[in-house]
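In: I'd like to go over a predicted model; first the sequence, then the structure.
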Amino acid sequence: MTVEATKTHVDRPPYDPVSISPLSFWEATAEEREKSFKILRNERPVSWHPPLEGTLMPPPVDGVWAITRHEDIVYVSKHPEIFSSAQGVQIEAVPMEILEAAESFLGMDGERHSGLRRLVSSVFTPRQVKVIQGQIANQAKCIVDDLLKTKEGDFVEQVSKRLPMWTIYEMVGLPPDRRDEAAHHADGMVSWADSDVAQGREPGEVLNESLVSLLSMGLELAEQRRAHPQDDLMTKLVQAEIDGRKLTDEELGAFFVLLSVAGNDTTRNTITFTTMALQQFPEQKQLLLNDFDKLIGTAIEEFVRWASPVMTFRRTVTQDTELRGQRLREGDWVVMLYSSGNRDDRVFKDPDVFDIQRKPNPHVGFGGGGPHYCMGSFLAKMQLESMFRELLFRAPNLRVGEPTYLASNFVRVVKSLPYTLD
């Protein structure tokens, strides 16, 4: 063993006894995980853990720093010069070539990040946003039309899963006959280790097949829109230009992948967890029914805090630094535990209560601020408002049963949720 390796080992604190690393930790319920997060928040807000167990490849680090307090998550988010996204944002080790092809500006920093983000943002003109808003309202109405024709089924398949994929792919201009295939591959990008998704294949095989398929669809659609422009987002993206710079094919493909994945799980699972919460807290449901237009704004913020659909994001330390007395070295992995930050009682009164009138509500469900704050948050809010306007007033007798969860250390996913309409 080299002197440097010995020094690194000696200087590390012992692994925390409250470990977030085993897969079994992430197979537990959110309520069970919260018991561990609360101990860490109160006693060891910056704690050292073994590399999180994964399914793809061994991580190139000897441990990870877990950030559990809301204040510290915000600090890490707002200092990308110290805590970088450019080496990946997942706490599972993923090959760099996959990161480059899949994360778009999510996995960038500095001018490269801001330049690409500005270019993509430029296509969301007020007119385009108004078109998208009309599409979402119609989609939510049609989905609840179909729901009302049934007496029972799987709420995830019938409602939650349909809206985000319909929104994303209609918005971008993907032909209807390709959308189910694209949604299937978007699932594979985050659920590669799930037996129902893998169907006997190795996790790496599922991830690679899903990525290649989505990239191919995105590039094919971009080429079609260059030749035959339409009134859709992909046409705007291939035409977008700032200071003589246009999006490359690689950037267009990666953004299509990011749209497919980020636009799927976040809103889909927020719809599901909110439906469960409104049943668990019927007085909150009644408040929203009584004055929907007045309360829906604050309610949506609580929907996102409560669901925390993205549970974790990683950053890589760019220089030796210190956080709450812990020495973090260049190259260390830092994991922001959004699920923990959104239950921090230093910030949220009665954090385990679902309160649609909670104000202020500085949740980190869209990230902790800074340059990587979720660019699609406005889209998610449109979807949530339209969907719950339809569900609450047109299906007030909806009842849901026991959920089935996906075991994941990245996204909080309900795989299935039985429903009945009495």
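Out: Great, that's in hand. Numbering: from 1, shown residues only.

In: so, low pLDDT: which residues of the chain?
Out: Across the chain, the ranges flagged by pLDDT under 70 are 1-10, 55, 103, 193, 195, 198.

In: what's downstream of the longest helix along it, the next helix or strand?
Out: Taking DSSP state H as the criterion, the chain has its longest helix at helix 249-280. Remark: after helix 249-280, the chain's next helix or strand is helix 282-290, criterion DSSP states H and E.

In: re the thing from before, okay, angle between the longest helix of the chain and helix 282-290 too, please.
Out: Helix 249-280 and helix 282-290 are oriented at 110 degrees to each other (axes from the mean of the first three to the mean of the last three C-alpha atoms, to 10 degrees).

In: thinking in terms of the whole chain, how far from its middle is helix 249-280?
Out: Chain-centre distance of helix 249-280: 6 Å, with C-alpha atoms, centre = their mean, to the nearest Å.

In: which residues touch the residue most central in space within the chain?
Out: For the chain, residue 310 is the residue whose C-alpha lies nearest the centre (C-alpha atoms, centre = their mean; 3.8 Å). For residue 310, the contacting residues are 265, 266, 338, 365, 410, 411, 412, by C-beta atoms under 8 Å, 6 or more residues apart in numbering. Heads up, the C-betas are built off the backbone N, CA and C, glycines and all.

In: kindly state the beta-bridge partners for it.
Out: Using DSSP bridges, the beta-bridge partners of residue 310 come out as residue 411.

In: what ranges do the strands span in the stretch 251-400 of the chain?
Out: 312-317, 321-323, 326-328, 333-337, 398-400 (DSSP state E, counting those that start in this stretch).

In: quick check: which of those is nearest to residue 375?
Out: Nearest to residue 375, of all those, is strand 312-317, at 14.4 Å by C-beta to C-beta.

In: now do the strands in the stretch 51-200 of the chain.
Out: Secondary structure of the stretch 51-200 of the chain (DSSP E, counting those that start in this stretch): strands at 64-67, 83-84, 152-154.

In: now render the ones you listed as JSON lines, adding mean neighbour count.
Out: Shown next, in JSON lines, are these (neighbours: other C-beta atoms under 10 Å):
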{"stretch": "strand 64-67", "mean neighbour count": "26"}
{"stretch": "strand 83-84", "mean neighbour count": "23"}
{"stretch": "strand 152-154", "mean neighbour count": "16"}
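
In: and those as JSON lines, adding distance to residue 135?
Out: As requested, the strands of the stretch 51-200 of the chain are exported to JSON lines (distance: least, C-beta to C-beta, whole Å):
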{"stretch": "strand 64-67", "distance to residue 135": "37"}
{"stretch": "strand 83-84", "distance to residue 135": "36"}
{"stretch": "strand 152-154", "distance to residue 135": "24"}
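
In: helices along the stretch 1-150 of the chain, start to end?
Out: Listed in chain order, the helices of the stretch 1-150 of the chain (DSSP state H, counting those that start in this stretch) span 3-11, 23-27, 30-43, 70-77, 96-102, 110-121, 126-148.

In: could you dump the fifth one to PDB, C-alpha only?
Out: Taking only C-alpha atoms (Å, rounded to 0.1, in the frame of the first residue of the first chain), the coordinates of helix 96-102 have been written out as PDB:
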ATOM      1  CA  MET A  96     -18.900   7.700 -18.500                       C
ATOM      2  CA  GLU A  97     -20.000   7.200 -22.100                       C
ATOM      3  CA  ILE A  98     -23.500   6.500 -20.900                       C
ATOM      4  CA  LEU A  99     -23.400   9.600 -18.800                       C
ATOM      5  CA  GLU A 100     -22.400  11.700 -21.700                       C
ATOM      6  CA  ALA A 101     -25.200  10.400 -23.900                       C
ATOM      7  CA  ALA A 102     -27.900  10.400 -21.300                       C
END
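
In: what's in contact with it?
Out: So helix 96-102 is contacted by 87-88, 107, 189, 207-208, 211, 215, 250, 253-254, 257-258, 261 (C-beta under 8 Å, 6+ apart).

In: out of the residues you listed, which one sits closest to residue 134?
Out: Using C-beta to C-beta, these come closest to residue 134 at residue 258, 23.9 Å.

In: I'd say that closest one and residue 104 touch.
Out: Yes. With contact defined as C-beta atoms under 8 Å, residue 258 counts as touching residue 104 (4.1 Å).

In: gap between the two ends of stretch 369-383?
Out: Using C-alpha to C-alpha, to the nearest Å, the end-to-end distance of stretch 369-383 comes out at 21 Å.

In: that one: how far from the chain's middle?
Out: Distance, centroid of stretch 369-383 to centroid of chain: 10 Å (C-alpha atoms, centre = their mean).

In: over to stretch 383-400?
Out: Per C-alpha atoms, centre = their mean, the centroid offset for stretch 383-400 relative to its chain is 22 Å.

In: can you give me the buried ones in it?
Out: 383-392, 395, 398, 400 (16 or more other C-beta atoms under 10 Å).

In: which members of the residues you listed are positioned in helices?
Out: Per DSSP H, the subset of the buried residues of stretch 383-400 in helices is 383, 384, 385, 386, 387, 388, 389, 390, 391, 392.

In: nearest residue to the second one other than its sequence neighbours?
Out: By the measure of C-beta to C-beta, 6 or more residues apart in numbering, the closest residue to residue 384 outside its immediate chain neighbours is residue 300, 5.0 Å from it.

In: from residue 184, how far off is that neighbour?
Out: Separation of residue 300 from residue 184 (C-beta to C-beta, to the nearest Å): 28 Å.

In: so the two - more neighbours on which side?
Out: Counted by other C-beta atoms under 10 Å, residue 300 and residue 184 do not tie: residue 300 has more neighbours, with 22 against 14.
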